[in-house]
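Novice: here is a sequence with its predicted model. Questions after.
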Amino acid sequence: MAKQYIYTVQASLEPSKCKIGKTNDLERRLKEYNNMTGKSKENVYRYLFACEVKNMTEVENDIKIKYSALREEKSREIYFFNSELFKQYVTFIKSHPLFVKEIFIKTEDKKEIIKIVKKTTPSLEERGLSQRDVLQKAQKANNDEFYTRYEDVEKELSMYDKKIWKDKTVFCNCDDAVDNNEKNTSAFALYFLRNFKELELKKLICTHYSGAVDLFNQGTKGYVFTKDGFKEFKDFPKGYTGSFDDPLSLKILKEEADIVCTNPPFSRAIDYWKITVESGKQFLIISNIANPVTKAYIPYFKDNKVWAGYNEIDWFLTPKKELNRAAGYWFTNIPVKDRPKYKQLKIVSLKEIPEKHKQYDDLKILLVDNCYIPNDYEKPFAVSARPILNGILEKGYKLIEENTSYIPVVNGKEKFRRVLVQRNS
Ligand SMILES: C[S@@+](CC[C@H](N)C(=O)[O-])C[C@H]1O[C@@H](n2cnc3c(N)ncnc32)[C@H](O)[C@@H]1O
């Protein structure tokens, strides 16, 4: 009886997709694929994985069922691809009861095609920029290009009551969804694509930011990726930048979004918060851990429009997929149940707070640290961001600072930034 195989194949010009199929002859099947694209030397099909199975039709059907949300179209065996998804496909196939053995295929490396492109980028001088401007810009862009790891998205989002997602439209407004370039595929988009059915989502909308439009970059390439039930499509509206404050993004936010979920660019965080918090929509976003003691954000915490989510995020990925440390935290206006971090608050009488964790500054304002909170002190006192993140404002204390944070001065020396809180009367 002929052997039966399951394979994953990919075309070099379509790195965001792969096909998972069945065959009795791996060699012939690959030739068939490459004959289809025979005229194009640049588009070469290659096996990513192949294995022998006992009943290929059954295995193929199980894959279709398991990954229905990740199929490009309902009627075709084309699946979204990136390394994270690919690992999942392979693990599923290898743990299938009908899996026999993996087949290793040697493929010849295609000769790299080198194109000579005429230099068209204007010089710094031509653009009226100094080396310093460029360095500053690069630094900013660097922070803006910190990508969230899949496990951090999963860890936080799975903490919320599953019911919050049911029949909802999730809007990821700083997220490339299954982009041609794998590194641009957002972990947010992946999480919602992967769990679309499970969460009973109605729609997922992700927008791709094309970069600032200036004199040297006039064409906009922003797009809107939509998954509406089984339908998935990308639109490239004319003149659309994909910026979260582009009129079209604002329209989607206002008219379609129920829950906004993303890690927005660091350099635009203030504007982003303003738009998102004021939109009246639910949101779950990543931002700087110091926001509760930062002037621009304090009013949101004070007015109970935003609170901390469950988790801190210490690591992000650079565009080269290298780990980079940065102090992030989840912020939301979605209920956080029995906040686990309450346990880290030490609410005790003033005299029980160890001396090394309390002091008075030059204005005689009490400063407490290490999450100690006095429960018998009626005047305002200063705390770091940590107790706010740990939920002190839900435990009978309020922020009293309207517009700014508090920088204590002790013996003439400035201490780190805090915020003033007071026990509710
Ligand atoms: C901190 S990264 C996070 C990316 C992704 N949301 C994630 O969590 O991995 C911010 C992203 O926003 C994009 N971006 C920068 N300015 C933007 C804007 N005005 N509107 C929307 N996205 C923007 C950046 O290109 C970058 O991909």
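Specialist: Looks like it came in fine.

Novice: and whatever helix or strand Phe283 lives in, anywhere near the ligand?
Specialist: Here Phe283, judged by DSSP states H and E, is contained in strand 282-288. No. Strand 282-288 lies apart from the ligand when judged by CB under 6 Å from any ligand atom; the minimum separation is 6.6 Å. C-beta here means a position set from N, CA and C on the backbone, and glycine is covered the same way.

Novice: packing partners of that strand?
Specialist: On a contact count with 3 or more CB pairs under 8 Å, 6 or more residues apart in numbering; DSSP states H and E, strand 282-288 meets strand 259-262, helix 269-278, strand 323-332.

Novice: buried deepest among these, which one?
Specialist: strand 259-262 (a mean of 26; mean count of other CB atoms under 10 Å).

Novice: report all helices and strands that that one contacts.
Specialist: Under the contact criterion of 3+ CB pairs under 8 Å, 6+ apart, strand 259-262 touches strand 169-172, helix 187-194, strand 282-288.

Novice: hey, least reliable of these by pLDDT?
Specialist: Note on the helices and strands packed on strand 259-262: helix 187-194 shows the lowest mean pLDDT, a mean of 91.

Novice: what residues does it touch?
Specialist: 69-70, 80, 82, 84-85, 147-150, 152-154, 157, 170, 172, 175-178, 199, 201, 204, 206, 225, 227, 261-263 (CB atoms under 8 Å, 6 or more residues apart in numbering).

Novice: just checking: what are the partner strands of the next helix or strand after that helix?
Specialist: For helix 187-194, the following helix or strand on the C-terminal side (DSSP H and E) is strand 203-208. Using DSSP bridges, strand 203-208 pairs in its sheet with strand 169-172 (parallel), strand 223-228 (antiparallel).

Novice: can you pull the domain assignment for this structure?
Specialist: 4-120, 136-336, 341-423 (automatic domain parsing).

Novice: spell out which residues of the stretch 251-400 of the chain are next to the ligand.
Specialist: Within the stretch 251-400 of the chain, the positions lying close to the ligand (CB under 6 Å from any ligand atom) are 262-265, 268.

Novice: 8 Å instead?
Specialist: 262-268, 272, 286, 316-317 (CB under 8 Å from any ligand atom).

Novice: same check on the stretch 101-250 of the chain?
Specialist: Within the stretch 101-250 of the chain, the residues that sit near the ligand (CB under 8 Å from any ligand atom) are 143-148, 153, 172-176, 184, 186-188, 207-209, 211-212, 241-246, 249.

Novice: show me those residues that map onto helices.
Specialist: Mapping these onto helices (DSSP state H) picks out 143-144, 153, 187-188, 249.

Novice: select only the buried ones of the residues of the stretch 101-250 of the chain next to the ligand in ChimeraX?
Specialist: Listed next is the ChimeraX selection for buried residues among those, using 16 or more other CB atoms under 10 Å:
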select :145,146,147,148,153,172,173,174,175,176,184,186,187,188,207,208,209,241,242,243,244,246,249
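
Novice: which of the domains of the chain sits most buried?
Specialist: Note that of the domains of the chain, domain 136-336 is the most buried (mean count of other CB under 10 Å), with a mean of 18.

Novice: and it, how far out from the chain middle?
Specialist: 6 Å (CA atoms, centre = their mean, to the nearest Å).

Novice: average pLDDT for stretch 260-271, rounded please.
Specialist: What stretch 260-271 shows for mean pLDDT is 95.

Novice: just the endpoints, please. Distance across that stretch?
Specialist: End-to-end distance for stretch 260-271, by CA to CA, to the nearest Å: 15 Å.

Novice: so what touches it?
Specialist: With CB under 8 Å, 6+ apart as the criterion, stretch 260-271 contacts 140-141, 143-144, 146-148, 157, 170-175, 186, 188, 192, 244-245, 253, 272, 276, 279, 281-288, 291, 296-297, 328.

Novice: returning to what we had before: following the chain past the strand holding Phe283, name the next helix or strand.
Specialist: Sequence order places helix 298-302 as the next helix or strand after strand 282-288, per DSSP H and E.

Novice: now do that next one: everything it contacts.
Specialist: Residues outside helix 298-302 that contact it (CB under 8 Å, 6+ apart): 273, 277, 291-292, 306-307, 388, 393, 398-399, 401-405, 419.

Novice: one more pass at 10 Å, please.
Specialist: 273-274, 277-278, 291-294, 305-308, 331, 333, 385, 388-389, 393, 398-406, 419-421 (CB atoms under 10 Å, 6 or more residues apart in numbering).

Novice: next SSE downstream of that helix?
Specialist: Counting by DSSP H and E, the next helix or strand C-terminal to helix 298-302 is strand 307-317.

Novice: distance between the ends of stretch 145-156?
Specialist: Termini of stretch 145-156 sit 21 Å apart (CA to CA).

Novice: which residues in the stretch 1-150 of the chain form strands?
Specialist: Taking DSSP state E, counting those that start in this stretch as the test, the strands found in the stretch 1-150 of the chain are 4-11, 17-23, 45-53, 78-80, 99-102.

Novice: nearest to Asn34 among the ones you listed would be which one?
Specialist: Checking the strands of the stretch 1-150 of the chain against Asn34 by CB to CB gives strand 45-53 as the closest, at 5.2 Å.

Novice: packing partners of that closest one?
Specialist: Under the contact criterion of 3 or more CB pairs under 10 Å, 6 or more residues apart in numbering; DSSP states H and E, strand 45-53 touches strand 4-11, strand 17-23, helix 26-36, helix 56-66, helix 83-94, strand 99-102.

Novice: give the rounded mean pLDDT of the shortest one.
Specialist: Which is strand 99-102. Mean per-residue pLDDT for strand 99-102: 94.

Novice: adjust the sequence numbering to begin at 711 for everything that follows.
Specialist: In the new count, where the first residue is 711, that last one comes out as strand 809-812.

Novice: which residues touch Asn1085?
Specialist: So Asn1085 contacts 1057-1060, 1062, 1105-1107, 1133 (CB under 10 Å, 6+ apart).

Novice: kindly recompute the last result at 7 Å.
Specialist: Listed by CB atoms under 7 Å, 6 or more residues apart in numbering, the contact partners of Asn1085 are 1057-1059.
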